[in-house]
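Visitor: could you work out the structure for the sequence below:
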Amino acid sequence: MGKLNKALKNILTGPDNALDIRNIKYLPRWAVLLIDLGLVTVSVMVTILILLDLSPVQYSLLSYFDKTAIVVGTNLFYFYVFKTYAGIIRYSSNIDAIKLLLATFSTFLTLLFINYLSLFFLGEKIFLIGGLLINLWISFSLLFLFRLGVKQVYEYFKYFQKNESLIHAVILGVDENAISIAGALDIEHPKRFKIEGFLTQNSHRSLRILDKPVLQHKGKIHKEVKALGAEAIIFSENTFSSEEKFKLVDECLEHNIAVYNAPLVSSWEENQPIAQKIKTLEIEDLLEREPIKLDPENKIAQLTGKTILVTGAAGSIGSEIVRQVAEYKPKRLIILDQAETPLHNLQLEVEAKFPDQDFKVIVCDVSNIRRLELMFKYQNIDVVYHAAAYKHVPLMESNPHEAIFVNIHGTKNLADLAVKYSVGHFVMVSTDKAVNPSNVMGASKRAAEMYVQSLYHHNTNNGIKSTKFITTRFGNVLGSNGSVVPLFKKQIENGGPVTITHPDIIRYFMTIPEACQLVLEAGAMGKGGEIFVFDMGEPVKIMDLAIKMIKLAGYQPNKNIKVRITGLRPGEKLYEELLNDECKTLPTHHKKIMIGQDVVRDYDLINNKVERIINSAYKFRNDKVVAKLKDLIPEFKSNNSSYERLDNPVQLQQK
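Guide: Here you go, the predicted model:
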């Protein structure tokens, strides 16, 4: 028997795979229907032979040909009604068997009705009742066995997976989602995973699901995975906290067990192979804290039926703000950015996902005051979400005038126009790099913060009903443009090395949806003049992040993928802060959100210094620009930068 199996394998799955049964495409519906009708015809012929052998006496009202035509025609009608030919034969299930039973039994009842109708009107039956019963049994058996046979033959040859290296995996969870994933992966071709069993936190004794063992997870997960003969684990449920998940993944990576993540079956797209939906666990899934979620209700009044402007809308943060705002059905959504291609892509996305949304796409630089004024004048804007900014630290260190044009001048333009045209709320997206800045980018964002806050307090103190200016400040955003995570991913895909500027550098991290929730929440709850920050837990060591990403990709750090230290970049700090020493913190209705109350500064003084910085920037004298920034922001101390010399009070005075 073993030699026969080997011979069959060589013939049907040989080197050229010319006869590989696994490469046969699905039969079209018309072909399945013709085969079914052929089987029904065979069943009628077999029934006639049986009846002739049992008794020579037959009803002679119609010929055998006419009787066969009636039976086949009736079956054809019910095949169409129950769509028995519509399924893929190799994936036949109990539902397909039920459809066949309904079709053949309905045919039997119809033929029985025709039989007695003939007796009533013509005085003679067409079919023997016993013959109809025999035909029902034979036709159903042939149709069912055909499907079962194809399924079993296909399963047999799937066993010989010569060119397909299977990943032996265990599914974590035994809920409906986990079972559905296991079942789908089991029948898929070409196969990527072989499911060896399930792990669950619940207590089960000798339980098997889909004929696979179920073990209770109660100790070392790597031992339990190995006990099931697996080399990988698939997360399929969300019953674990972030801390528990982090520990499990850490243990798996430590023992060279690959980790995958499966989305909810209900969210799967039909046109994507099942195995491709099982992704390697992303670092975004491993924030060492519970993801922050906010109640959407309090943002309805802020956004529904209002005209909303989003600047920097083509960026990673801005585009997510657009998506989240669109869910609240604003009256009009104005999408503004200077990046033409990503803005066009966002336009196509909004058109597809929100077909009923009234929106306008504007290509514009926020430093272009004339273009902005036309927009404010005619659009009657209610809320501004200002996400437009230059944010790459080394680039802005080399081009400080550009940071001034966009981050400071652009913000000033928008803020002044918001006041002039009575915008209700102005929510500014800032960064933790604005706190005790060590680079031009962070300093430019701090200057923008100072300007909008002083403008708000100036108007409030003078009894002017003004725009509510609100600042949101967060750390590094996972997956955003310029973030370290996409850079590491690309470096790993290219075979390394993964570059880190310093082994001790640490950063706060949050996801793009979290960052945008903060922006929208701030706009809804802000009274004006506040700085909103998230409690983002403990900061992450970038070295640990890189090593974990390398392991998640299935490689060994410094063996398959090298980790190289490149040295701090100009303006880069070892750690970032969310609040400075002068800023007081207040709690909010959400324990994860804090309000920072900054020192109130004189608007006239801030405005005068900002104007001087902008004027210097348009003269393209870098040292002059940075010196004036340091004059506005005394805590701005350059780090690892050519501008460190300007921190000398004597040289700064000379500038």
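Visitor: give me the element residue 215 is part of.
Guide: Assigned by DSSP states H and E, residue 215 falls within strand 212-216.
Visitor: identify all contacting residues around that strand.
Guide: With contacts defined as CB atoms under 8 Å, 6 or more residues apart in numbering, strand 212-216 is touched by 174, 182, 195-204, 207-208, 224, 227-228. For every residue, glycine as well, the C-beta is placed using N, CA and C.
Visitor: now, which of those lie within strands?
Guide: Among these, DSSP state E puts 195-200, 208 in strands.
Visitor: tell me the mean pLDDT over stretch 219-227?
Guide: Averaged over stretch 219-227, pLDDT sits at 81.
Visitor: rewinding a little: and of the ones in strands among the contacts of strand 212-216, the nearest to residue 327?
Guide: When these are compared for distance to residue 327 (CB to CB), residue 200 comes out closest, at 34.9 Å.
Visitor: what's the neighbour count on the residue nearest to the closest one when sequence neighbours are not counted?
Guide: Distances taken as CB to CB, 6 or more residues apart in numbering put residue 174 closest to residue 200, at 4.5 Å, once the chain neighbours are dropped. Counted with other CB atoms under 10 Å, the neighbours of residue 174 add up to 20.
Visitor: contact partners for residue 174?
Guide: 198, 200, 202, 204, 209, 214.
Visitor: I'd say the fifth one and residue 176 touch.
Guide: It stands for residue 209. No: applying CB atoms under 8 Å, one finds residue 209 not in contact with residue 176, separated by 10.9 Å.
Visitor: about what we covered before: of the contacts of strand 212-216, grab the buried ones for PyMOL.
Guide: Here is the PyMOL command that selects the buried residues among the contacts of strand 212-216 (16 or more other CB atoms under 10 Å):
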select buried, resi 174+182+195+196+197+198+199+200+224+228
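Visitor: where does the residue nearest to residue 200 fall, phi/psi-wise?
Guide: Note on residue 174: backbone dihedrals following degrees, to the nearest 10 are phi -130, psi 20.
Visitor: before we move on, the earlier item: off-centre distance for the strand holding residue 215?
Guide: How far strand 212-216 lies from its chain's middle: 30 Å, per CA atoms, centre = their mean, to the nearest Å.
Visitor: avg pLDDT for that strand?
Guide: Across strand 212-216, pLDDT averages out at 81.
Visitor: for that strand, buried residues please.
Guide: Under 16+ other CB under 10 Å, the buried positions of strand 212-216 are 212-215.
Visitor: do stretch 627-640 as well
Guide: By neighbour count on 16+ other CB under 10 Å, the buried set for stretch 627-640 is 627-633, 636-640.
Visitor: again, but for stretch 543-554
Guide: Going by neighbour count (16+ other CB under 10 Å), the buried part of stretch 543-554 is 543, 545-553.
Visitor: with stretch 362-372 instead?
Guide: By neighbour count on 16+ other CB under 10 Å, the buried set for stretch 362-372 is 362, 364-367, 369, 372.
Visitor: quick one, helices of the stretch 351-500 of the chain?
Guide: Using DSSP state H, counting those that start in this stretch, the helices of the stretch 351-500 of the chain run over 369-379, 393-398, 400-403, 411-420, 440-461, 484-493.
Visitor: which one of those lies nearest to residue 143?
Guide: Among those, helix 484-493 comes nearest to residue 143, with 49.7 Å by CB to CB.
Visitor: on that earlier part again, gap between the residue nearest to residue 200 and residue 464?
Guide: Noted for residue 174: a distance of 63 Å to residue 464, by CB to CB, to the nearest Å.
Visitor: same check, this time on residue 384
Guide: Distance, residue 384 to residue 464, using CB to CB: 18 Å.
Visitor: and if you look at residue 235?
Guide: According to CB to CB, residue 235 and residue 464 sit 54 Å apart.
Visitor: these two - which one has more neighbours?
Guide: The neighbour count for residue 235 versus residue 464, taken as other CB under 10 Å, is higher for residue 235 (20 against 11).
Visitor: so for the more buried one, what's the pLDDT?
Guide: As predicted, residue 235 sits at a pLDDT of 78.
Visitor: beta partners of it?
Guide: Counting by DSSP bridges, residue 235 is bridged to residue 172, residue 261.
Visitor: pLDDT value on the residue nearest to residue 433 when sequence neighbours are not counted, please?
Guide: Distance criterion CB to CB, 6+ apart; nearest residue to residue 433, sequence neighbours excluded, is residue 442 at 3.4 Å. For residue 442, the model assigns a pLDDT of 91.
Visitor: just say helix, strand or coil for residue 336.
Guide: strand (DSSP: H, G, I helix; E, B strand; the rest coil).
Visitor: that one and residue 527: what is the separation?
Guide: To residue 527, residue 336 is 26 Å away according to CB to CB.
Visitor: do residue 390 as well
Guide: According to CB to CB, residue 390 and residue 527 sit 29 Å apart.
Visitor: so the closest residue to residue 359 other than its chain neighbours bridges to which residues?
Guide: In this structure, residue 359 finds its nearest non-sequential neighbour in residue 333, 4.1 Å apart by CB to CB, 6+ apart. Note on residue 333: beta-bridge partners residue 308, residue 359, judged by DSSP bridges.
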